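**Q** sequence unavailable; structure follows:
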């Protein structure tokens, strides 16, 4: 195999209570990437469609992560990368992670799979660091592993694959405003009340239990973030209204996707997830803010090989 | 049925990472209680063996919790309670909870089980409040539900039963020093670093996942407390040595049981749990502190009817 075309999925990090550790993978939203073996050694970005991103190998997250793998594997060939972005950079649904994870997944396939998913996550984190300034895995892990993931630790990297209830759908609204990850980080307090932390770890434990037991009601009750959302939601116009209305429309819960501005909601059926999309649309249609909405099943596969 | 004799188990609250929410139930350590219907209405403590505890109905945790149930049920009879304490008050393995939970469990049986376990937990929390000054359920829930429990919330009370791996054993050492729950509470900071909170909820999520997947290695990795133990361990002499030595002896992990002074360690087999007891004994035998050690399987049943 000398060329591969893949679907690299968008992802939702944090999942309300699981700031910095939980994430899940989307099914119908993602980039496409074509990666090709070359006789010339090294990594080259040859095409970027759909976004204004750097072509320099040391600046583009896809090539930085690819280089991490490449320098470790030291193969006899090189690789060129074409990126077809569907995930808008800065949307908060793992745009940089899709690029960083997609390139290492594809190259690993072309090399005959010398690396496992955890190793790929480690390489992809090097790319993610270019975009966000620090190595984190809460979007990369679900993109590579699929389904729900819990990043137990980053040094050493340990990713847990959690079960995904069959009927779980997600609705995303991406209001096209800019929320910088750095700004979203800076707004958070360095210290938090112990009592809030207890509530949060109770919810994380409950959410993991809910996923294992297919308990949608408990999942709903666990989708509460008392630590981060009160701060970051201030950066997203109409967040509170969206949250109120999607719950009315039947969603199990809603929260900020990653560091925003996208808002996600989980629902028990596709029909409800579509109703939730309508509720989100109704609110933002009254504003001057452009937006996109998406409905997706949870993608338990992660990366997909298209050809 | 006019009389019942029960075994009311000791319990371990917090379980390292799960401060205030996690707990598990012991099998071979616990009180016995005899509860008897009386024609005279009301609740009476008629016998206390093994501990110096108050007989006044409004001061003894067993009768306070019993009264909470009794006043709700309003039966035509009364009840008298005999308490045979084997769990030392102040040991940190749920002595007051055993009394508070035992009386409501037994009376519920004598009344034909009008209440479920969650309701019983609510009644027992009224008794626990007499002992600790606040209503909490992290010892009562495992005593009544058995196995591992997660208290999702206390208002309204919501208890989750977590699965228990088959080969899990616990070793307890109770150094006979006094650690007041109020002092153990006061030593904790009101605010904690966000980064530590993230580590803690990652561990809680991992521990719940480990219990669901029988993953002893992950269980071991999740039994880490970066929030409470650094403070409370100062109140327990030789805590660090005990922890180091029990890990060397093969334990999966160790921590403070409840607010101490007892230390618990979890192990994958009875043999290892016994080796761990020897390691604990070796350390405390060199000191002037009296102590007891216990080895127990995790008790998935909770309360037991003896006759």
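**A** On my side now, so go ahead. Because the structure is predicted, anything quoted here is derived from the model rather than measured.
**Q** secondary structure element holding residue A:104?
**A** Assigned by DSSP states H and E, residue A:104 belongs to helix A:95-110.
**Q** could you pull out the buried residues of that helix?
**A** By neighbour count on 16 or more other Cβ atoms under 10 Å in any protein chain shown, the buried set for helix A:95-110 is A:95-108, A:110. Glycine gets a C-beta too; all of them are placed from N, C-alpha and C.
**Q** for residue B:260, state which of those residues is nearest.
**A** residue A:97 (42.7 Å; Cβ to Cβ).
**Q** was I right about the closest one contacting residue A:144?
**A** No - using Cβ atoms under 8 Å, residue A:97 makes no contact with residue A:144, being 9.1 Å away.
**Q** residue boundaries of the helices in the stretch 151-300 of chain A?
**A** Using DSSP state H, counting those that start in this stretch, the helices of the stretch 151-300 of chain A run over residues A:181-186, A:194-213, A:216-222, A:229-232, A:239-248, A:270-285.
**Q** surely residue A:102 and residue A:34 touch.
**A** No - using Cβ under 8 Å, residue A:102 makes no contact with residue A:34, being 10.2 Å away.
**Q** for the one helix or strand in chain A whose mean pLDDT sits lowest, buried residues please.
**A** In chain A, no helix or strand scores lower on mean pLDDT, DSSP states H and E than helix A:181-186, which sits at a mean of 82. Neighbour-count burial for helix A:181-186 flags A:181, A:184 (criterion: 16+ other Cβ under 10 Å).
**Q** what does that helix rub up against?
**A** Helix A:181-186 has contacts (Cβ atoms under 8 Å, 6 or more residues apart in numbering or on different chains) with A:131, A:132, A:133, A:232, A:235, A:258, A:259, A:260.
**Q** and the helices in the stretch 1-150 of chain A?
**A** Assigned by DSSP H, counting those that start in this stretch, the stretch 1-150 of chain A shows helices spanning A:61-73, A:95-110, A:117-132, A:140-145.
**Q** among these, which comes closest to residue A:283?
**A** Closest to residue A:283 of the helices of the stretch 1-150 of chain A, according to Cβ to Cβ: helix A:95-110, at 23.5 Å.
**Q** that closest one vs helix A:117-132, what angle?
**A** 140 degrees (axes from the mean of the first three to the mean of the last three Cα atoms, to 10 degrees).
**Q** what packs against helix A:95-110?
**A** Applying 3 or more Cβ pairs under 8 Å, 6 or more residues apart in numbering or on different chains; DSSP states H and E, we find helix A:95-110 packed against strand A:3-13, strand A:22-38, helix A:61-73, strand A:78-84, helix A:117-132, helix A:140-145.
**Q** neighbouring contacts of the fifth one?
**A** Taking contacts as Cβ under 8 Å, 6+ apart, the residues outside helix A:117-132 that touch it are A:59-69, A:72, A:96-97, A:99-101, A:103-105, A:108, A:115, A:135-137, A:139-141, A:143-145, A:154, A:157-159, A:181.
**Q** taking their axis directions, it and helix A:61-73 sit at what angle?
**A** Using the same axes, to 10 degrees: helix A:117-132 against helix A:61-73 is 140 degrees.
**Q** so which bits of helix A:117-132 are buried?
**A** Buried, per 16+ other Cβ under 10 Å, within helix A:117-132: A:117, A:119-132.
**Q** distance from that helix to the middle of the chain?
**A** Relative to the centre of its chain, helix A:117-132 is centred 13 Å away, using Cα atoms, centre = their mean, to the nearest Å.
**Q** show the average pLDDT along it.
**A** Averaged across helix A:117-132, the pLDDT comes to 92.
**Q** and for the first one?
**A** Mean pLDDT, strand A:3-13: 98.
**Q** could you do the fourth one as well?
**A** Here strand A:78-84 scores 98 as its mean pLDDT.
**Q** most remote residue from chain A's center?
**A** residue A:39 (33.1 Å; Cα atoms, centre = their mean).
**Q** hmm, that residue is touching residue A:77, no?
**A** Yes - counting by Cβ under 8 Å, residue A:77 is a contact partner of residue A:39 at 6.5 Å.
**Q** most neighbours per residue, which of the helices and strands packed on helix A:95-110?
**A** helix A:140-145 (a mean of 32; mean count of other Cβ atoms under 10 Å in any protein chain shown).
**Q** packing partners for it?
**A** Using 3+ Cβ pairs under 8 Å, 6+ apart, helix A:140-145 is in contact with strand A:3-13, strand A:22-38, helix A:95-110, helix A:117-132, strand A:148-154, strand A:157-162.
**Q** one step back: closest to residue A:85 out of the buried residues of helix A:117-132?
**A** Nearest to residue A:85 among these, with distances taken as Cβ to Cβ, is residue A:131, at 13.1 Å.
**Q** any idea how far chain B is from that closest one?
**A** Residue A:131 sits 20 Å away from chain B when distances are taken as Cβ to the nearest Cβ, to the nearest Å.
**Q** and what of residue A:154?
**A** Counting by Cβ to the nearest Cβ - residue A:154 and chain B are separated by 10 Å.
**Q** same check on residue A:137?
**A** Distance, residue A:137 to chain B, by Cβ to the nearest Cβ: 12 Å.
**Q** cheers, nothing more for now.
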